[in-house]
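Colleague: just need the structure, nothing else, for what follows:
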Amino acid sequence: MKKLVGYITSSYPNNNFCVDLALSMKEAGVDTLELGMPFSDPVADGPVIEAANLKALQNGYTLKDLFEVSSKIAPQMDTLWMGYMNPFYHKGFEYFLQKAQEFGINGAIIPDLPFEESQEYLPIFDKYNKSLISFVAPTDTEQRVKTVVNDAKKFIYLVAYAGITGSGKSEDLTQVIENIRKYSKTPVYIGFGVNEKTAKEKAVGVDGVIVGSSFVKHLLDDSLSHNEKITRISNIAKEIKEKINE
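Modeller: As a prediction, this is how the structure comes out:
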């Protein structure tokens with residue numbers, strides 16, 4: 001069965017809501033939660049997730065909130081932190097991985113950490129038995145793919161197109177998927193532009209999909225009550241999970 005990774009922004013609109021949403025998404029079929037760490041300059045994310053990041057920060061989000069939410073979600077579902085390099089660098093990878101160990105977080109996705117630089121930090125991830133997710137782009141050469149996926153853990157994040165999340169572009173990924181399969185047995189999940197309309201098509205040839213903006217846009221809809229947001233996002237998750245496994 002193909003897997004569904006779902007992204008939500010930590011602590012938005014508040015910690016309790018975030019926990020309730022995550023656990024509802026699990027019931028709806030989300031296999032792994034990508035718990036976003038709000039950051040003021042989320043360079044890989046489109047306007048929807050950027051807006052949620054900024055709103056969380058305006059609400060007073062701190063790392064204490066991330067840890068509180070993580071402590072309630074991670075024991076109940078597979079959870080990764082998705083954040084940018086600045087907090088990890090500022091506080092130290094050792095600090096974050098100790099916290100990850102404490103709460104049961106299984107790894108991290110850091111989109112602005114270049115592969116070459118990431119090699120410096122892999123021993124710390126290995127020390128705590130946590131995964132640092134590897135990215136492959138459609139523009140990567142076969143040699144580049146071979147290098148990146150050689151020791152990939154948990155899953156390989158295949159970026160559906162060059163650019164930012166949520167813009168919904170489309171590229172032929174057949175060759176890059178073949179290249180990944182040639183050098184790695186690690187599952188391949190596709191992200192960027194995946195929603196209930198595109199999921200079935202994008203899931204062809206890969207082992208799972210990563211969905212973010214399609215969920216988060218409903219978090220930003222102030223016409224919905226908290227319960228309505230949870231219901232709508234969970235229904236979309238269920239629909240996507242069904243479509244990628246038809």
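Colleague: residues touching the residue nearest the centre of the chain, list them.
Modeller: Nearest residue to the geometric centre of the chain (Cα atoms, centre = their mean): residue 34, 3.8 Å. Residue 34 sits next to 5-8, 80, 82, 109, 210, 212 when contact means Cβ atoms under 8 Å, 6 or more residues apart in numbering. C-beta: built from backbone N, CA, C; applies to glycine.
Colleague: try 7 Å
Modeller: Residues in contact with residue 34 (Cβ atoms under 7 Å, 6 or more residues apart in numbering) are 5-7, 80, 82, 109, 210.
Colleague: got those as a markdown table, with pLDDT and distance to residue 223 columns?
Modeller: A markdown table is the format used below for these (pLDDT from 0 to 100; distance: Cβ to Cβ, whole Å):
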| residue | pLDDT | distance to residue 223 |
| --- | --- | --- |
| 5 | 98 | 27 |
| 6 | 98 | 22 |
| 7 | 97 | 22 |
| 80 | 98 | 31 |
| 82 | 96 | 27 |
| 109 | 98 | 31 |
| 210 | 98 | 27 |
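Colleague: and the closest residue to the residue nearest to the centre of the chain other than its chain neighbours, what does it touch?
Modeller: Computed as Cβ to Cβ, 6 or more residues apart in numbering, the closest residue to residue 34 that is not its neighbour in sequence is residue 7, at 4.1 Å. Counting by Cβ under 7 Å, 6+ apart, residue 7 touches 34, 36, 82, 210-212, 215-216.
Colleague: how about the strands in the protein?
Modeller: Here the chain has its strands, by DSSP state E, at 3-9, 32-36, 78-82, 107-109, 131-132, 134-136, 156-159, 188-191, 208-211.
Colleague: quick one, the longest one and strand 32-36 angle?
Modeller: When you say that, I think you mean strand 3-9. 20 degrees (axes from the mean of the first three to the mean of the last three Cα atoms, to 10 degrees).
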